[in-house]
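Engineer: structure of the sequence below:
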Amino acid sequence: MADIIENTALEQPEVPQEPPKPPPIDSVGKVIASADGMRANIHMTMPKFGGKHLTLAEIHDLLAKAKIVYGLRQLTINKMAEEPLFDREVLIAEGTPPVKGKDAEMTIHVRISRNATPKQKEDGMVDYKDLGLIENVTQGQLLASKTLPEPGVDGMTVKGIVVRAQKGKEAALPTGKNTYISEDGLSLYAHINGQCDYHDRKLSVMETYTVNGDVSTSTGNINFIGNVVINGNIVAGFAVQAGGNVEVHGCVEGGFINAAGNVLIRDGFHGMYKGEIIAGGSVRSKYIQAGRVMATSFIESQIVMQANIQTADSVKLIGERSIIMGGRVVAKNEIDCYHIGGKNNPVPTVIEVGSDPQLIVRAHELEKEEIVCKKNIADLDRLLLLFKQLESQNRLPPDKREMMERSLYTRRTTNERLIAVKAETEEVKIKLAEEGYGTVRARVAVYPGVRIIIGTEQQLVSAQIPNCRITRGEDGLVFGSAV
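Structural biologist: From the prediction side, this is the model:
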């Protein structure tokens, strides 16, 4: 029995023992700064086996060891201490990146695009003669300006290191020929009058505008502040206006030139009874036919036919075959030619010297204005007479009375203008009478049909007069030898 009990006791199973608990593992934190120093993240491992997470003080200690001192996100740091996020990177500091300075800005104040686009007129129609190909500028005109580059704003890394900002880029003014920069270096101006040209990123002012071809539909009318050179013709209906000289290497056929300086037409001018040349200086043309030419200085040609010519200086025709035939030629000082008039058949031709053509033109204008003033006064007098009759019969309504008062005012001002016109007319006549001395030379002959006018004296030539110099004497025109 004792053996049985002993054996039974020996056969009882063993009670298993619990394995030993692993030691607690606390959370481990690490602060990681970005390569550019603009961000700092914290990474915290998950605590195990009852380990502790990082306290606020420990997080700040990690930041201090990593030298993170700027841009701390304190709310995030507090939350990471209270409700931590494990095994991920959390942004806890952020730097301020530098701000690049603003680049200098350039402004061009003139038109640099040259699109040959016809301009639309006020009535909606398109003017194919105005293509706007020339950008005229005047001396001292602003062409371009720029601003100064800005310095920018420095940045700061999370470690408190200053990051210098990049300064804005400088911009160079597009300085070209005949331009200058202001003392402050911010503005570009034109040094002369001329055409503004933009080429190779430079603004230049060109004193001469050159047309390599004809002035036609491909160019439109030319309006330039300086000199104009045309390596072709001016075709019918097109015009060139210049603030300087105009040189045409071809001819002008029914075209127009208005130049402040001299005009040179190498192959001649055929006005086609509509073209016109106006020059503030001289005019030289191989021939002048069926057009109008006005110049302040001399006019020079070889042939003048059926033209209207006026100059405040002299007219000289060059060559033994030079001729003036038909039309009207007026010069203040002298008209010098070899042949004047039609040799075989009389051609009505007016040759006038001794008076300023501008005075003659003014005299004609005053004459026309006097006629208009007198007609207007006569019409107003008839209207006022009607109003007076109605007024005497007490039949003049208020609106007609107002019209009568306006008519009285108009009649008074028109009469004052008439008096002024008559006074100026007398002054012009006196000047013309005083000036009336000039010379006409016909080195070969003056032919029948030519009317010679010198000042207040004139004579119609009825028979050929060879080799003559015509002046004004006390008793009329005096004919002498041209040589």
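Engineer: show me where the chain has its helices.
Structural biologist: Counting by DSSP state H, the chain has helices at residues 2-10, 56-65, 74-82, 357-392, 398-435.
Engineer: and Asp200, which of these is closest to it?
Structural biologist: Taking C-beta to C-beta, helix 357-392 is the member of these nearest to Asp200, at 46.7 Å. Glycine gets a C-beta too; all of them are placed from N, C-alpha and C.
Engineer: so where's this protein shaky on pLDDT?
Structural biologist: By pLDDT under 70, the low-scoring segments of the chain are 1-16, 114-133.
Engineer: domain ranges for it?
Structural biologist: 29-94, 106-154+164-206, 210-297, 307-355+436-483, 362-415 (automatic domain parsing).
Engineer: redo those as a markdown table? Include mean neighbour count and distance to Glu18.
Structural biologist: Shown next, in a markdown table, are these (neighbours: other C-beta atoms under 10 Å; distance: least, C-beta to C-beta, whole Å):
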| stretch | mean neighbour count | distance to Glu18 |
| --- | --- | --- |
| domain 29-94 | 15 | 15 |
| domain 106-154+164-206 | 15 | 64 |
| domain 210-297 | 21 | 107 |
| domain 307-355+436-483 | 19 | 132 |
| domain 362-415 | 13 | 126 |
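Engineer: before we move on, back to that, and the helices of the chain as JSON lines, adding distance to Gly254?
Structural biologist: Shown next, in JSON lines, are the helices of the chain (distance: least, C-beta to C-beta, whole Å):
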{"stretch": "helix 2-10", "distance to Gly254": "145"}
{"stretch": "helix 56-65", "distance to Gly254": "91"}
{"stretch": "helix 74-82", "distance to Gly254": "87"}
{"stretch": "helix 357-392", "distance to Gly254": "23"}
{"stretch": "helix 398-435", "distance to Gly254": "33"}
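Engineer: so which of these comes closest to Gly341?
Structural biologist: Set against Gly341 and scored by C-beta to C-beta, those come closest in helix 357-392, at 20.8 Å.
Engineer: for the closest one, packing partners?
Structural biologist: Helices and strands touching helix 357-392, by 3 or more C-beta pairs under 8 Å, 6 or more residues apart in numbering; DSSP states H and E, are strand 303-311, strand 323-331, helix 398-435.
Engineer: could you rerun that using 10 Å?
Structural biologist: In terms of contacts (3 or more C-beta pairs under 10 Å, 6 or more residues apart in numbering; DSSP states H and E), helix 357-392 is packed against strand 292-295, strand 303-311, strand 323-331, helix 398-435.
Engineer: and Ala242, bridged to which residues?
Structural biologist: Beta-bridge partners for Ala242, by DSSP bridges, are Phe224, Ala259.
Engineer: what's the closest of the helices and strands packed on helix 357-392 to Gly480?
Structural biologist: strand 323-331 (18.6 Å).
Engineer: given that closest one, what are its sheet partners and their directions?
Structural biologist: Partners of strand 323-331, by DSSP bridges, with direction: strand 303-311 (parallel), strand 334-340 (parallel), strand 349-353 (parallel).
Engineer: what about the closest residue to Glu58 other than its chain neighbours, distance to Thr55?
Structural biologist: Spatially, and ignoring its direct neighbours in sequence, Glu58 is nearest to Gly29 (6.9 Å; C-beta to C-beta, 6 or more residues apart in numbering). As judged by C-beta to C-beta, to the nearest Å, Gly29 and Thr55 stand 10 Å apart.
Engineer: overlap in contacts, the two.
Structural biologist: Asp61 (C-beta atoms under 10 Å, 6 or more residues apart in numbering).
Engineer: distance check, the residue nearest to Glu58 against Met46.
Structural biologist: Taking C-beta to C-beta, one finds Gly29 at 12 Å from Met46.
Engineer: what touches both of these two?
Structural biologist: Common neighbours of Gly29 and Met46, using C-beta under 10 Å, 6+ apart, are 53, 84, 86.
Engineer: not counting sequence-adjacent ones, nearest residue to the first one?
Structural biologist: In space, and not counting its chain neighbours, His53 is closest to Ser27: 4.3 Å by C-beta to C-beta, 6+ apart.
Engineer: contacts only, for that neighbour.
Structural biologist: Counting by C-beta under 10 Å, 6+ apart, Ser27 has contacts 44-48, 51-55, 58, 84, 86-87.
Engineer: tell me the two of those that are most distant?
Structural biologist: Thr55 and Asp87 (18.5 Å).
Engineer: next one: Ser187 from Leu203, what distance?
Structural biologist: Going from Ser187 to Leu203 by C-beta to C-beta gives 12 Å.
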